[in-house]
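Visitor: Fold the following for me, if possible:
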Amino acid sequence: MKLLFVHQNMPGQYRELIQWLAASGAHELVFLTQRGDIKIPGVRTLVYKPFHTPAKEAFGLAKDWEGAAGAGFGAVQAMQKYEAETGFRPDIILGHTGWGELSFFKDLWPGVPILGFFEYYYTMEGGMVGFDPEQPPGPHAPYFNRARNVVPCLNREVVDLGHVPTLWQRDRFPASFHDKMYVCHDGIRTDRLGPDPEASLALGRLRQPISRRDEVVTYVARNMERARGFHIMMRALPEIQAARPEARILMIGGNEASYGRESDHPGGLRGEMEAEVGDRVDWSRVHFLGRVPYADLCRIIQISRCHIYLTMPFVLSWSLLEAMAMQATVVAADVAPVREAITHGKTGLLVDFFDPAALAAQVADVLARPEAHAHLGPEARAHVVEDYDFLTRCLPEHLRRINSLVTTAAPIALP
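Guide: So this is what the prediction gives:
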């Protein structure tokens, strides 16, 4: 089968699927992206440039669509050129619907089915907007929300079928989308992720490596930002340290903002929060590790006695499910998308997002009484294996959906 993947940030949500297809050696795979630095064996990476990008001073309500239209036109032009040079025409297109890249492919190839990934629909209730009272929405927020939704609304008519990873994400979208969507996670490689009682980690400032025998607390986010509760994590530090003077806190993530407004502090949100908690924190026991290679991230989770996952109501991070697959004892924010993955007291522990004292108390209890919480990690892993495993749960469903749309090639064999 000839498959075209379209995602500006390759591989995006297709990380596991594209690698599995490539490893089979049975398909012609092209990945259209704005990134030229990612190479996957068996996959032809094709870089496109947006045909147009909006000016900085462009009208705000039209800016998202202006950028999306430029990306979409650049994407189809790149594929038009590639088809003329190579004769490649896909049997199916899989791509993200949020940035406009898929918007014009039906005009280029009317008969080629499109399976679109729908990630998020902006509303004034139930999501990030208006959730944090420290960042109240401005008077124009409803208009900007609706303007952001122009692209997925257009792509609802472009795609033949939509894919959404969680029920919570599906239910963010209006009911008019639901008949065209199926719910299935991208998939977690639980066959590769698991606990390792012998894992250890060397830190530059320490003489000896640390392991599960130490009181290690971990926090992971792509960026340490409000959307992922970094400010709450920092406010909990003094009480965690007061209760557990031997605990070491490992913080993994960048210091930018992927979602929402950036901090005005010259040191970013990290600098802002360091100034707020100040000398109430023993900084010698806090380790900011930045972004780390994936293998190191897994080892960090494997030595964690308590893993903290904080998020506003937003897209569930892969890192949470991966931590659960590694049998981490997770303390997480009690918000709707997290409750879809964690049952309090069974597969993890949930605390009020806005209560740093409750977070600190729960973390301290996990550190002090690991035996009382020893069931959580194995239960968490069993849940992820059952509902989110890539090979046994998610891949077969995705392949069934792909095969149902393709009439021009033999179906992909189910594993």
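
Visitor: Hmm, residue 366 and residue 306 touching each other?
Guide: Yes - with contacts counted by Cβ atoms under 8 Å, residue 306 reaches residue 366, the gap being 4.3 Å. (Glycine included, C-beta is placed from N, CA and C.)

Visitor: Mind checking which of those two has more residues around it?
Guide: Neighbours were counted for residue 306 and for residue 366 using other Cβ atoms under 10 Å; residue 306 has more, 26 against 23.

Visitor: Specify the beta-bridge partners of that one.
Guide: Applying DSSP bridges to residue 306 gives these bridge partners: residue 217.

Visitor: show me the residues around it that make contact.
Guide: 216-218, 329, 331, 363, 366-367 (Cβ atoms under 8 Å, 6 or more residues apart in numbering).

Visitor: Find the pair from these with maximum spatial separation.
Guide: Using Cβ to Cβ, those span at most 13.3 Å, a distance reached by 216 and 331.

Visitor: quick one: which of those two has more around it?
Guide: Ranked by neighbour count (other Cβ under 10 Å), residue 216 and residue 331 place residue 331 first, with 26 against 23.

Visitor: and residue 110, which of the three is it?
Guide: Secondary structure, DSSP: H, G, I helix; E, B strand; the rest coil: residue 110 is coil.

Visitor: One more: residue 313?
Guide: Once three-state DSSP is applied, residue 313 turns out coil.

Visitor: In three-state terms, label residue 45 for me.
Guide: Relying on three-state DSSP, one would call residue 45 strand.

Visitor: Pull up the distance across stretch 310-324, start to finish.
Guide: Stretch 310-324 has its terminal residues 14 Å apart, counting by Cα to Cα, to the nearest Å.

Visitor: Report the mean per-residue pLDDT for it.
Guide: Stretch 310-324 carries an average pLDDT of 97.

Visitor: which parts of the host helix or strand of residue 85 are buried?
Guide: According to DSSP states H and E, residue 85 maps onto helix 60-86. Neighbour counts over helix 60-86 (16 or more other Cβ atoms under 10 Å) mark 63-76, 78-79, 82 as buried.

Visitor: Ok, stretch 383-393 next?
Guide: Buried residues in stretch 383-393, counted by 16+ other Cβ under 10 Å: 383-385, 388-391, 393.

Visitor: now swap in stretch 203-223 and tell me
Guide: Result for stretch 203-223 [16+ other Cβ under 10 Å]: buried residues 210-212, 214-223.

Visitor: Counting only strands, which of those make the cut?
Guide: In this view, the buried residues of stretch 203-223 that belong to strands under DSSP state E are 210-211, 216-223.

Visitor: Between which two of these is the distance greatest?
Guide: So, those by Cβ to Cβ: farthest apart are 211 and 223, at 27.7 Å.

Visitor: any chance you could map the strands in the stretch 51-200 of the chain?
Guide: Listed from the start of the chain, the stretch 51-200 of the chain has strands (DSSP state E, counting those that start in this stretch) covering 92-96, 114-117, 161-164, 181-183, 200-201.

Visitor: could I get those strands as CSV with distance to residue 133, mean neighbour count and mean pLDDT?
Guide: Shown next, in CSV, are the strands of the stretch 51-200 of the chain (distance: least, Cβ to Cβ, whole Å; neighbours: other Cβ atoms under 10 Å; pLDDT from 0 to 100):
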stretch, distance to residue 133, mean neighbour count, mean pLDDT
strand 92-96, 32, 26, 98
strand 114-117, 32, 23, 98
strand 161-164, 29, 22, 98
strand 181-183, 31, 17, 98
strand 200-201, 37, 17, 94
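
Visitor: I appreciate the help and will end here.
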